[in-house]
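# sequence first, then the predicted structure, then my questions.
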Amino acid sequence: MKAYLANGLFSLADRMVNEACAKQLREAIPQIELYVPQENPAINDKTAFATSEQIAEADLQALEESDVLIAFLDGVEIDSGVAAEIGYFASLGRPIVGVFTDVRQQGRTNEKKINILQEDATENQFVYRNLFVVGLIKKNGIIVDSLERVVEEVRACDVC
């Protein structure tokens, strides 16, 4: 099975999350062929040079060859590159596993959080994700909240 790991890759935090997720997937599913863009030096060695077209071509080829997309949704907003990858992959009709680990998901049944939101929208204790992007993921897959669930969902994927 081939999989594509989509996340930001410019901050230390993103690169560390990508490395941890890739390691966990490769250990749990030894037969997986995992494409992680930050591991592609031809387009992501930032001391070298690659045009926007070269970057797009490399990542599009990897997306087209992949059976499943694993896409991180964390951050202030969904990373713009990740959103584009989700849109493209959704058009292929293949499974997507969205990963959303934001701790603000906790307490969704806390009445105080719900009541204050109804009284004053600026007291939003939760987090917003773009509903079009979320809809593309849900139409083609699932959104999970941990790396362990990522492994479970990728294993359960029809193409495994």
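That came through fine.
# strands of this structure, start to end?
2-6, 33-35, 68-72, 96-99, 141-144 (DSSP state E).
# for Ala48, find the nearest of the ones you listed.
Of all the strands of the chain, it is strand 33-35 that lies closest to Ala48, at 18.9 Å by Cβ to Cβ. Every C-beta, even on glycine, is put in place using the N, C-alpha and C of the backbone.
# in its sheet, which strands sit next to that closest one, and in what direction?
strand 2-6 (parallel) (DSSP bridges).
# now this protein, which segments are flagged as low pLDDT?
Within the chain, the stretches with pLDDT under 70 are 158-160.
# related to what we said a few turns ago, and the strands of the chain: which comes nearest Gln61?
Of all the strands of the chain, it is strand 33-35 that lies closest to Gln61, at 9.3 Å by Cβ to Cβ.
# residues of that closest one that come out buried?
Neighbour counts over strand 33-35 (16 or more other Cβ atoms under 10 Å) mark Leu34, Tyr35 as buried.
# measure stretch 136-153 end to end?
Start-to-end span of stretch 136-153 (Cα to Cα, to the nearest Å) is 17 Å.
# in that stretch, what's buried?
Leu136, Ile137, Asn140, Gly141, Ile143, Val144, Leu147, Val150, Val151, Glu153.
# can you tell me what sits against it?
The set of residues external to stretch 136-153 that reach it, using Cβ atoms under 8 Å, 6 or more residues apart in numbering, is 20-21, 24-25, 28-29, 68-71, 73, 86-87, 89-90, 93-101, 105, 134.
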